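Chemist: Quick one, structure for this:
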Amino acid sequence: MNEEIIENINARLDRAIDKGRVLLADEELQQQVEELKVKAETTIRKHPIKSVLAGLAVGLIVGAIFSSDD
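Modeler: So this is what the prediction gives:
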């Protein structure tokens, strides 16, 4: 039974790795990521204070979500 589970996990990991390789090889995706990077850099350079405040706000929200005492 344990071998079956391990084989299933290995098969899933192999498929995920293959999908990741295909995505990384996709030139259109790489171009979109580069465009997004340029847009983000431009926005941050135009509005540095707002960018820092937005980053802090997101950090506080994510921190609050992951540190909740449920």
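Chemist: Could you use CA atoms for every contact and neighbour count after this?
Modeler: OK.
Chemist: next SSE after the helix ranked longest in the chain?
Modeler: Ordering each helix of the chain by length in residues (DSSP state H) puts helix 2-25 first. Counting by DSSP states H and E, the element after helix 2-25 in chain order, helix or strand, is helix 27-46.
Chemist: what's in contact with that next one?
Modeler: 23, 24, 51 (C-alpha atoms under 8 Å, 6 or more residues apart in numbering).
Chemist: Residue 24: what's it in contact with?
Modeler: Residues in contact with residue 24 (C-alpha under 8 Å, 6+ apart) are residue 30.
Chemist: angle of the lowest-mean-pLDDT helix or strand in the chain against helix 27-46?
Modeler: Scoring the helices and strands of the chain by mean pLDDT, DSSP states H and E places helix 2-25 at the bottom, with a mean of 87. Relative orientation of helix 2-25 and helix 27-46, computed by axes from the mean of the first three to the mean of the last three C-alpha atoms, to 10 degrees: 70 degrees.
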